[in-house]
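Asks: Would you be able to build a 3D model of this:
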Amino acid sequence: MKWTPVVSNNIDWISFVFIAILAIIAFIKTYHSFRFREFLNLLFNNKYIIIFNKKEKTNVLFTSSLLGIQWLVLSITIWLLMRYFLIDFSFYSIPLPYIIMVGVAAFLLLKITFQRFISYVFDFDLFSRSYLFIRLSYSNYASFILVFLLFFDIYGMNNNIYLLGFSLITFLYIQILGLVSFVKLYKNEIRHYWYYFILYLCTVEIVPYIFIKHWIINSSSIS
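Replies: Model (predicted):
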């Protein structure tokens, strides 16, 4: 039995993804209007973090919806980078965009699961919940900004590599702001346990990417 490749225009699948992102944003704005307004001000004050940090268990749908946006926009970003650097591969004739989307989804889920597991091992459950909430909030915010930058790049600038580079720098900059925000909020706790914090930080932030690197290298050698 052979796989039948699905052929579609690149802009078609990206347009579908953007429609899905807009639908998620409309859902969030309609059913979580107050939290969404506070989320939009995340870079300007810590009100969102202070209000919703302790209520995260009761607002899983909001965070999951933003995580879905992050998954979709990162899939588009990786596909654009791979196309620019002429990187292509196939798996049973499955189109590359589908492979990327499955890979990004698996990475995000495995990373969050791994971070939860490390928190349990280090016995930093309460401390790590705040850290993961803040990092995930800023990561989702960065993805939210990336949506508009990529939309302008694809449909307004015809995939300009410089705008794509600026978009990635902006994404990483907001990620760094999230780490800085956490350090400011918990500087007293970190001051007393700075060694364990650095060890924990390296474990939850660096180790997942090392595993991904080894997986990619091993997959390439097998193929």
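Asks: what's the distance between the closest residue in space to Leu80 that isn't next to it in sequence and Phe114?
Replies: Leaving aside its chain neighbours, Leu80 sits nearest to Leu164 (6.0 Å; criterion: Cβ to Cβ, 6 or more residues apart in numbering). No exception for glycine: its C-beta is placed from N, CA and C like everyone else's. Distance, Leu164 to Phe114, using Cβ to Cβ, to the nearest Å: 29 Å.
Asks: circling back to that earlier point, so the residue nearest to Leu80 sits right up against Ile154, yeah?
Replies: No - distance between Leu164 and Ile154: 9.3 Å, which falls outside the contact criterion (Cβ atoms under 8 Å).
Asks: Give me the common contacts of these two.
Replies: With contacts defined as Cβ atoms under 8 Å, 6 or more residues apart in numbering, the residues adjacent to both Leu164 and Ile154 are Leu80.
Asks: in the longest helix seen in the chain, what's buried?
Replies: Scanning the chain for the longest helix, with DSSP state H as the assignment, gives helix 125-155. Neighbour-count burial for helix 125-155 flags 127-147, 149-151, 153-154 (criterion: 16 or more other Cβ atoms under 10 Å).
Asks: next helix or strand past the host helix or strand of Trp71?
Replies: Using DSSP states H and E, Trp71 sits within helix 60-84. Going down the chain from helix 60-84, the next helix or strand is helix 96-121, by DSSP H and E.
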